[in-house]
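Participant: got a structure for you, letters missing:
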């Protein structure tokens with residue numbers, strides 16, 4: 001369950017292309033699901049599933065770029081490898097600026113496609129790891145009291161205990177206790193660990209100044 005098998009989502013209105021890509025992926029031992037339109041894919045879209053899209057650019061209805069926009073609006077983390085027989089430089093640049101993993105022209109080289117898919121899988125794994133790490137950090141932050149959160153922000157801002165105590169109207173000994181509890185609850189062994197965790201959660205080093 002911790003390492004679900006990624007799926008290649010094939011989306012192309014040409015059934016012969018879908019069959020050919022399916023055979024290629026099956027021979028490479030990759031799990032895939034084929035759809036003949038963007039709408040058919042969206043109806044079965046699972047935003048939590050790992051994998052990537054291999055997407056035709058020019059399709060009736062919702063074309064490839066429009067599907068890319070629709071997925072971005074849904075905060076999809078699935079990387080997209082575009083395939084097109086009608087692509088031009090401007091279109092590929094537009095797709096890449098919007099986060100496409102790759103842009104290949106038809107007829108696509110089998111090995112180039114498989115390499116692009118493997119790169120997309122790794123990109124997706126990295127996104128998922130980062131999201132899971134952030135969720136864990138936010139869970140730890142939620143265990144802090146309001147005063148501990150204040151101390152955290154001051155500590156991350158680089159202030160010594162004496163200065164934090166003055167700012168919060170308490171004594172240095174109390175700040176040391178709060179600081180130790182923050183380190184424990186955040187599962188941080190060092191100050192550098194704490195700063196990294198805080199920054200991952202969007203708590204900048206300049207906050208509280």
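Facilitator: Great, that's in hand. In this text, all values refer to a predicted model and were calculated from it rather than measured experimentally.

Participant: give me every residue that touches residue 191.
Facilitator: Residue 191 is in contact with residue 155, counting by C-beta atoms under 8 Å, 6 or more residues apart in numbering. C-betas here are computed from N, CA, C, even on glycine.

Participant: quick one: the strands in the chain?
Facilitator: Assigned by DSSP state E, the strands in the chain fall at 7-11, 31-35, 51-56, 80-84, 102-105.

Participant: Would you mind giving these as CSV with mean neighbour count added?
Facilitator: Formatted as CSV, those follow (neighbours: other C-beta atoms under 10 Å):
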stretch, mean neighbour count
strand 7-11, 23
strand 31-35, 17
strand 51-56, 26
strand 80-84, 23
strand 102-105, 19
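
Participant: Now distance to residue 157 and mean pLDDT too, for those strands, in TSV please.
Facilitator: Shown next, in TSV, are those (distance: least, C-beta to C-beta, whole Å; pLDDT from 0 to 100):
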stretch	distance to residue 157	mean pLDDT
strand 7-11	44	96
strand 31-35	47	95
strand 51-56	40	94
strand 80-84	39	90
strand 102-105	41	86
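
Participant: Out of those strands, which gets nearest to residue 19?
Facilitator: strand 31-35 (8.3 Å; C-beta to C-beta).

Participant: quick one: that closest one to chain centroid distance?
Facilitator: Mean-position distance between strand 31-35 and its chain equals 21 Å (C-alpha atoms, centre = their mean, to the nearest Å).
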